[in-house]
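Peer 1: let's see this in three dimensions:
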Amino acid sequence: MSCCGGTATAPLNERHRMRVRYLGGRPVVLKGPVTGVEYRFSGSERDQLVDPRDAIMITRDRLFRIEGIVELPHNAPV
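Peer 2: Numbers count the residues shown, from 1 in each chain. Reported below is the predicted structural model:
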């Protein structure tokens, strides 16, 4: 018997990104603490796809929250 509507769960991999929403208004640029990638958020660009390793740290700030998980297409650069 499985939970969550019968969907199997699998670990996140390099093809996954977390959709992170910024709840603030001023533009902010964050450097991912693990990957070093720069993520740009603002009042007009609230949602960004963030590497899961960075998302965990970024969302410790109450101005950010995880909205979901996205799997990148196989032909998209990682």
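Peer 1: for the spatially most central residue of the chain, give me its contacts.
Peer 2: When CA atoms, centre = their mean is applied to the chain, the residue found nearest the centroid is Met18 (2.5 Å). If you count contacts by CB atoms under 8 Å, 6 or more residues apart in numbering, Met18 has them with Leu49, Val50, Asp51, Pro52, Ala55, Ile66, Glu67, Gly68, Ile69, Val70. Just so you know, the C-beta spots here come from the backbone N, C-alpha and C atoms, and that holds for glycine as well.
Peer 1: if we use 10 Å, what do you get?
Peer 2: Met18 makes contact with 12, 48-56, 58-59, 66-70, according to CB atoms under 10 Å, 6 or more residues apart in numbering.
Peer 1: and stretch 43-60, how far from the chain's centre?
Peer 2: Chain-centre distance of stretch 43-60: 4 Å, with CA atoms, centre = their mean, to the nearest Å.
Peer 1: what average pLDDT does that stretch get?
Peer 2: The average pLDDT within stretch 43-60 is 95.
Peer 1: now do the SS call for the residue nearest to the centre of the chain.
Peer 2: Counting by DSSP: H, G, I helix; E, B strand; the rest coil, the backbone at Met18 sits in strand.
Peer 1: for Thr9, see how far away it is.
Peer 2: Met18 sits 15 Å away from Thr9 when distances are taken as CB to CB, to the nearest Å.
Peer 1: again, but for Arg21
Peer 2: Computed as CB to CB, the Arg21 to Thr9 distance reads 23 Å.
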